[in-house]
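Peer 1: coords below, sequence missing:
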């Protein structure tokens, strides 16, 4: 369960969002859609404190963060372990092999033994179809493969919430399919995993999300099931956004 | 006429001088290690803009880079005893002002000089580390110290290695100035030998050959290290992506439930 209360964030007097409230139940797949620059990524990055919120609180299964309150390194690590993130630009450790990338968090943060960690890492690499690339360096992989390593690295941490920050937007169109296929597989096969997803791949969102939030003008303007949002949007901004998307698809 | 130039003497002097190679290497390695640690510290202060300390260290770096190392050696040689005298006077300590080992002056001077020069290289390298990797490690839950040790320093080392390698070679050659502080290393030993038989040219030629050889060996070692730590850049072109079952995407959402296997 994720509870976000009164969350606000601004950069240099430019308010990104303010007084945001949101509850996400365990196992939900929540997709946040909206125009570029609306602050979707900032919201996601606040959830693991890569960005520090100005006000408000975030709570993951009784592990809470209150903006402005002092937080020890132990509390911060515990808070961050509630989530795991797949980045738009992959953010793989370029000096480490594929296997070492997946092992990193398991060995350093979770402090597992090498054999336990390797077992998990190889399992996750098998899941994303890259176990035979375990000894490769990121520089030797295609963009799609890099992102699948990013997914394996995130899954290995076994956090309660998976944060997906536009996982396909840095990929060439022919590589998007392989990453979406992997994501769809892992998301649908893990019913207990809560997922917060930002994506411009609206067809994918429609297929996997259990709830869709339309985010714009510093807040959530509309939310509902994929069917409600995509077939019968109520808000004018949502309608405009989706009609532009439909035009692009048909053109 | 006596031999104006005697190559035999060069060959005779080389082993005599090499007997003092450990001193040269000791000064080089200790100054290098301390210089790197202090340089990293100065770089961190600059990056985090620590108030006051930042300004003081900027003056220290400017002073060190703006003065000859020989002069710095003299400043240390005459300065440390004065500092000890003040310490004895104000804090009641009983430090022996006249018995400071010459090696200490040399190590202090070379370490600080290295720190000043390396700090700028290290700062540049640290700031060139991919922010995305730092974010990824942060998101995994690593502490700042773990990120510094496991991600930032190894990345920065790759970036800084060529300039740090040049600094190491300069440092090794500069150890020839240690005689100023009465430390007998290879050059000082050469002066002693030449003082005995007045064959200055042969001794200094032998010294030049040794320093040149050391520089070549160091360059080769740096190249080896560089090759080893940049393995991740040197391998073949990206492999073709594994064939993925795109049919996975063709399942309409309505027929696939969470927890269901898609194969």
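Peer 2: Thanks, I have it. All figures in this text were calculated on a predicted structure; none of them were measured in a lab.
Peer 1: Show me what from the stretch 101-250 of chain A comes close to chain B.
Peer 2: Residues of the stretch 101-250 of chain A lying near chain B by CB under 8 Å from any CB of the partner chain: A:104-105, A:108-109, A:129-130, A:132-133, A:136-142, A:144-145, A:153, A:157, A:175, A:177-178, A:180-182, A:184-185, A:187-191, A:204, A:206-208, A:226. Where C-beta positions appear, they are placed from N, C-alpha and C, glycine not excepted.
Peer 1: what bits of chain A have low per-residue confidence?
Peer 2: A:246-251 (pLDDT under 70).
Peer 1: Where is the longest helix in it?
Peer 2: When chain A is parsed with DSSP state H, its longest helix is helix A:173-189.
Peer 1: angle of the next helix-or-strand element following it against helix A:173-189?
Peer 2: Under the assignment DSSP states H and E, the closest C-terminal helix or strand after helix A:173-189 is strand A:194-198. Interaxial angle, strand A:194-198 versus helix A:173-189 (axes from the mean of the first three to the mean of the last three CA atoms, to 10 degrees): 160 degrees.
Peer 1: Now do the very next helix or strand once past strand A:194-198: everything it contacts.
Peer 2: Downstream of strand A:194-198, the next assigned helix or strand under DSSP H and E is helix A:202-208. Residues from elsewhere that reach helix A:202-208 (CB atoms under 8 Å, 6 or more residues apart in numbering or on different chains): A:29, A:31, A:33, A:168, A:180, A:183-184, A:187-188, A:195, A:197, A:199, A:212, A:226, A:230, A:242, A:245, B:249, B:251-253.
Peer 1: likewise stretch B:88-106?
Peer 2: Applying CB under 8 Å, 6+ apart, the contact partners of stretch B:88-106 are B:27, B:31, B:73, B:76-77, B:80-81, B:84-85, B:87, B:175, B:178, B:181-183.
Peer 1: now, which of these lie within helices?
Peer 2: Using DSSP H, these in helices are B:27, B:31, B:73, B:76-77, B:80-81, B:84-85, B:87.
Peer 1: Mark which of those are buried, thanks.
Peer 2: Those of the ones in helices among the contacts of stretch B:88-106 that meet the buried threshold are B:27, B:31, B:73, B:76-77, B:80-81, B:84, by 16 or more other CB atoms under 10 Å in any protein chain shown.
Peer 1: Would you reformat those residues as JSON lines and include distance to residue A:59?
Peer 2: Below are these laid out as JSON lines (distance: CB to CB, whole Å):
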{"residue": "B:27", "distance to residue A:59": "58"}
{"residue": "B:31", "distance to residue A:59": "53"}
{"residue": "B:73", "distance to residue A:59": "61"}
{"residue": "B:76", "distance to residue A:59": "58"}
{"residue": "B:77", "distance to residue A:59": "63"}
{"residue": "B:80", "distance to residue A:59": "58"}
{"residue": "B:81", "distance to residue A:59": "63"}
{"residue": "B:84", "distance to residue A:59": "59"}
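Peer 1: Okay, residue B:128 and residue A:67: tell me how far apart.
Peer 2: Residue B:128 sits at a distance of 32 Å from residue A:67 (criterion: CB to CB, to the nearest Å).
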